[in-house]
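Visitor: Sequence isn't available, so here's the structure alone:
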């Protein structure tokens, strides 16, 4: 049995009921292009392999990877990638497999948010996610404007995904048990963004939430001035957490137009 490594944020799911509910939520078909992130000791992996012809798994822990190779050596459809999921090229894998991937996993707690952003960057290679995260992360993913959980993660996911909270999982379902509850969530990638996303969207969202107590007038200084904020129908004295995700897109579009206008004026200067 492999040793749990704290630096990888490992909490191994062992509860049979939770595993069955995850597999039922995924509802894998034999021809699905499944990818499991962080298979660990193979609890979900084995259950998925009972439903599909092929499964790619990404595991960073070399000891766990070796254990999985031995454990699943007789499964020709199992493909193990000993790699860091934060650096893994899903687009290349999707090209090899012939289409978008379905991602499953009990995501490592210590990298869950960066990993979501990494998956978002590679969204064209992914059709959906069924992943387990800390409950507080899922709270942020599905938060509404004005709530304490609404933030950068919420807004960045909004144009590209449809998110459904599925069910919570007790700490007792894991070895070792984490200090928090977990939640299984379904993330469906949209075929088209919910609204137009300007190039400066991510930068503006990050600035807006960099210091939550700042008003937009101050938080967006250097990107959009107070008059520009007002021209978008938004109060410059409001805070980022009160805006709808599409509001950030309007502000980013204004910032882009303003930047282009200034560049044009500069080029015309003697």
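Guide: Nice, I can see it. Small disclaimer: the values here were computed from a predicted structure and weren't measured. Numbers count the residues shown, from 1 in each chain.
Visitor: Run a quick neighbour tally on the residue found closest to residue 208 once you drop the neighbours it is linked to in the chain.
Guide: Spatial nearest neighbour of residue 208, chain neighbours left out: residue 240 (3.6 Å); criterion: C-beta to C-beta, 6 or more residues apart in numbering. (Each C-beta comes from the backbone N, C-alpha and C, glycine too.) When neighbours are counted by other C-beta atoms under 10 Å, residue 240 registers 27.
Visitor: Can you give me every residue that contacts residue 240?
Guide: 205, 208-209, 212, 216, 219 (C-beta atoms under 8 Å, 6 or more residues apart in numbering).
Visitor: So for those, which is the shakiest by pLDDT?
Guide: Among the contacts of residue 240, residue 212 has the lowest pLDDT, at 86.
Visitor: circling back: and the residue nearest to residue 208, how far is that from residue 151?
Guide: Residue 240 sits 8 Å away from residue 151, going by C-beta to C-beta, to the nearest Å.
Visitor: what touches both of these two?
Guide: 209, 212.
Visitor: Now list the buried members of the contacts of residue 240.
Guide: For these, a burial check counting by 16 or more other C-beta atoms under 10 Å picks out 205, 208-209, 216, 219.
Visitor: so what's the residue nearest to residue 208 scoring on pLDDT?
Guide: So residue 240 comes in at 97 (pLDDT).
Visitor: Now, the buried ones among the contacts of residue 240 that are in helices?
Guide: 205, 208, 216, 219 (DSSP state H).
Visitor: so can I have TSV of those showing distance to residue 80?
Guide: Shown next, in TSV, are those (distance: C-beta to C-beta, whole Å):
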residue	distance to residue 80
205	36
208	41
216	47
219	45
